[in-house]
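Novice: I'll drop the sequence and a predicted model, then ask my questions.
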Amino acid sequence: MKIGKGIAVTTTEYGGVLLDEKSGSYWQLNDTGVIVVETLAAGRAPEAAVERIVAEFDVERAEAESDVAELTRRLVEAKILRP
């Protein structure tokens, strides 16, 4: 996946922000959301994001898989990420 055109990505001490420079809309991401975006934008599979989240946070694999799939779906729908 790739970051959509016109999308600015900024990380902060609290997570990250995705800004659609055309519409002015933005998404605020927590730390796990940043992991998902960085992993997918680097061309890696969602499973790589799941692995990293499970390793870094106290979360069950099934929950991480569900959350990664849902965030990915929403970011693709919003054209923040594109296949």
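Specialist: That came in fine, so what should we check first?
Novice: in this protein, which spans are helices?
Specialist: For the chain, applying DSSP state H gives helices covering 31-41, 46-56, 61-77.
Novice: how near is V36 to E63?
Specialist: Separation of V36 from E63 (CB to CB, to the nearest Å) stands at 13 Å. Bear in mind the C-beta positions are built from the backbone N, C-alpha and C, glycine included.
Novice: ok, the residue sitting nearest the centre point of the chain - contacts?
Specialist: Central residue of the chain (CA atoms, centre = their mean): V37, 2.8 Å from the mean position. Shown in contact with V37 (CB atoms under 8 Å, 6 or more residues apart in numbering): I3, V9, G16, L18, L29, L75, I80, L81.
Novice: how does it look with 7 Å?
Specialist: Contacts of V37 were listed using CB atoms under 7 Å, 6 or more residues apart in numbering, and they are V9, G16, L18, L29.
Novice: Would you mind naming the residues that bridge with the third one?
Specialist: Meaning L18. V9, W27 (DSSP bridges).
Novice: quick one on the thing from earlier: who's more crowded, V36 and E63?
Specialist: Neighbours were counted for V36 and for E63 using other CB atoms under 10 Å; V36 has more, 26 against 13.
Novice: Run a quick neighbour tally on A78.
Specialist: A count of nearby residues for A78, using other CB under 10 Å, gives 15.
Novice: What values do phi and psi take at it?
Specialist: phi -80, psi 0 (degrees, to the nearest 10).
Novice: Next one: it relative to A55, how far apart?
Specialist: Distance, A78 to A55, using CB to CB: 27 Å.
Novice: Hmm, which of the contacts of V37 is lowest in pLDDT?
Specialist: Minimum pLDDT across the contacts of V37 is recorded for V9, with 90.
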